[in-house]
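J.: have a look; sequence and predicted model below, questions after that.
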Amino acid sequence: MKNARDAVIVAYGRTPLARAYKGGLAKTHPVDYGALALQGVLAKAPQVDPCLIEDLIVGCAVPERYVGYNVARLIAQRAGLPDLVPGQTVNRFCASGLQAIATGANAILAGEMDIVIAGGIEMMTDLSMGHPKEYQNAYLSEHIPGTYMSMGLTAEFVAERYDLTRAEMETLAVESHQKAAAAQAAGKFSEEIIPICVEAEGRSLILTEDEGIRPSTNAESLAGLKPCFKEGGLLTPATSSQMTDGASFVLLMSRAQAEALECTPIARFVSFAVSGIAPEMMGIGPVTAVPKVLQKAGLTLEEMDTIELNEAFASQVLACMRVLDLPLDKVNPNGGAMALGHPMGATGTVLTCKALSELKRSLGKYALITMCIGGGMGAAGIFEME
């Protein structure tokens, strides 16, 4: 039943997902491409007076260096929003973008705000993976070593625990690229992508497409790759998410405010849940988060029409799909992070954009967004199309 305080999405969009280090956004300041993405989303709802925006909430997994100094406020200023629009940066590692949406939606549901922009950003080109030994807590390092374990090693732990083979993980990677390539060729990402103009080698370039998709990926080529996380391991760069630069945002409103401004709701925020697991088994976070969010929403897995399960690593995707018994035809129908990339802080919002676009095309009703989170957590969110 519709309620005036429902939190609804009235516009959404994302940058093209660019390869870290050598991609189209690698030499662009993230505040610049974050601001361009934000402006693109606001352009989809021109009747919204920027002075009415009550907060900009931006997820970032590593809010340091170029994305430090409260990047949310910096993006608001760079996008030309009025000084009265505040900003907050939130960090729940790989679920930061989804957490930003949930935080904004909950402020609306609680009656504290009526218009919020939520999203995420990451510049993995500038990212140092892992946490230096000198900054680690000595007690945790000794007694709970999984706390600071690299994500790649946790993926190897999951592969071993669930008796996964390298071949089946590489099959999943090939399928991810094939689905993403088909979706890109069919123009399925066009609606959600906001073209980004960047300066490169003295000339302006307009980025319009995701850069990580490799249509020619096949089992033979992947079989020759060396393990990248441990000697004799099962995971390779191809069965891991790509390092990516990007940003994504959604415009959230109360239903009453959307009606007052004549903004057509696209989808309703239904529910959000987070959960914790052993840090060394980080990848299976969705196993506990998904049942929790479904219970909170009063819905079943069978009612989900599309499922975006972030492909942090092939091993954790396969393990989660097996334990949760996820329907193969509904999971990542247009490819996942092994093909498209994983701009960590932005990923939760990127997956939301992908899911909403897919529901529009398929005339589906419910979308489930879920991912594992560094440190041993899982997150999941549900959206309902209007």
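T.: Arrived safely.
J.: give the contact list for Ala118.
T.: Applying Cβ atoms under 8 Å, 6 or more residues apart in numbering to Ala118 gives the contacts 56-59, 100-101, 103-105, 249-250, 252, 349. Where C-beta positions appear, they are placed from N, C-alpha and C, glycine not excepted.
J.: ok, of the residues you listed, which one's closest to Gly119?
T.: Gly119 lies nearest to Phe249 out of those, by Cβ to Cβ, at 3.3 Å.
J.: what is the subsequent helix or strand relative to the helix or strand harbouring the closest one?
T.: For Phe249, the enclosing helix or strand under DSSP states H and E is strand 244-254. Going down the chain from strand 244-254, the next helix or strand is helix 255-260, by DSSP H and E.
J.: and that following helix, what does it pack onto?
T.: Using 3 or more Cβ pairs under 8 Å, 6 or more residues apart in numbering; DSSP states H and E, the elements in contact with helix 255-260 are strand 7-14.
J.: what is the strand it packs on packed up against?
T.: helix 30-42, helix 96-109, strand 244-254, helix 255-260, strand 267-276, helix 344-362.
J.: CA atoms of the second one as CSV?
T.: Written as CSV, here are the backbone C-alpha positions of helix 96-109 (Å, rounded to 0.1, in the frame of the first residue of the first chain):
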residue,chain,number,x,y,z
SER,A,96,29.1,1.9,0.8
GLY,A,97,26.9,2.9,-2.2
LEU,A,98,24.0,0.7,-1.1
GLN,A,99,24.4,1.9,2.5
ALA,A,100,24.2,5.5,1.3
ILE,A,101,20.9,4.8,-0.4
ALA,A,102,19.6,3.1,2.8
THR,A,103,20.7,5.9,5.0
GLY,A,104,19.0,8.5,2.7
ALA,A,105,15.8,6.4,2.4
ASN,A,106,15.6,5.9,6.2
ALA,A,107,15.9,9.7,6.8
ILE,A,108,12.9,10.1,4.5
LEU,A,109,11.0,7.3,6.1
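J.: show me which residues of the next helix or strand after it are buried.
T.: Next along the chain after helix 96-109, taking DSSP H and E as the criterion, comes strand 115-123. Buried residues in strand 115-123, counted by 16 or more other Cβ atoms under 10 Å: Ile115, Val116, Ile117, Ala118, Gly119, Gly120, Ile121, Glu122, Met123.
J.: any chance of those in JSON lines, plus pLDDT?
T.: As requested, the buried residues of strand 115-123 are arranged in JSON lines below (pLDDT from 0 to 100):
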{"residue": "Ile115", "pLDDT": "98"}
{"residue": "Val116", "pLDDT": "98"}
{"residue": "Ile117", "pLDDT": "98"}
{"residue": "Ala118", "pLDDT": "99"}
{"residue": "Gly119", "pLDDT": "98"}
{"residue": "Gly120", "pLDDT": "98"}
{"residue": "Ile121", "pLDDT": "98"}
{"residue": "Glu122", "pLDDT": "98"}
{"residue": "Met123", "pLDDT": "98"}
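J.: which residues of the stretch 201-350 of the chain fall in helices?
T.: 219-223, 255-260, 286-297, 314-324, 337-340, 344-362 (DSSP state H, counting those that start in this stretch).
J.: ranking the ones you listed by burial, who's on top?
T.: helix 337-340 (a mean of 31; mean count of other Cβ atoms under 10 Å).
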